[in-house]
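S.K.: okay, sequence plus prediction incoming.
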Amino acid sequence: MLSETIFYDTLRQGLWVATITSVPILSAALLAGVGVGLFQALTSVQEMTLTFVPKLLAIVVVFWMSMSFMSETLVGFFQGRIIPVITGG
């Protein structure tokens, strides 16, 4: 049977892994949004698609660049924490 401490420690570690893997994409979206917002404020251009396309491109580029980091982090978490809990080891 799974004890409460193991369960909560695994949950805490899983949330931390989710946070670490999402930081690159969220920071890219934030920087792209701030940059586009600043550009729109300076030029008085209020086009809705102007905010969407640069954010999407920034997210795709950062996701492509950090895919190996995210995969290694998730695989390490599953091999080191989830699979031993499932197998009882």
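M.R.: Everything's here; your move.

S.K.: go ahead and flag the most central residue of the protein.
M.R.: The centre of the chain sits closest to Ser22, judged by CA atoms, centre = their mean, with a distance of 1.1 Å.

S.K.: tell me the buried residues in the longest helix along the chain?
M.R.: Ranked by residue count and defined by DSSP state H, the top helix of the chain is helix 4-43. Going by neighbour count (16 or more other CB atoms under 10 Å), the buried part of helix 4-43 is Thr10, Val17, Thr21, Pro24, Ile25, Ala28, Ala29, Ala32, Val36. (Glycine included, C-beta is placed from N, CA and C.)

S.K.: mind listing what the third one touches?
M.R.: Listed by CB atoms under 8 Å, 6 or more residues apart in numbering, the contact partners of Thr21 are Phe69, Met70, Thr73, Leu74.

S.K.: packing partners of the one helix or strand the third one maps to?
M.R.: The one in question is Thr73. Using DSSP states H and E, Thr73 maps to helix 48-77. Counting contacts by 3 or more CB pairs under 8 Å, 6 or more residues apart in numbering; DSSP states H and E, helix 48-77 is packed against helix 4-43.

S.K.: so for the helix it packs on, what's the average pLDDT?
M.R.: Taken as a whole, helix 4-43 has a mean pLDDT of 94.
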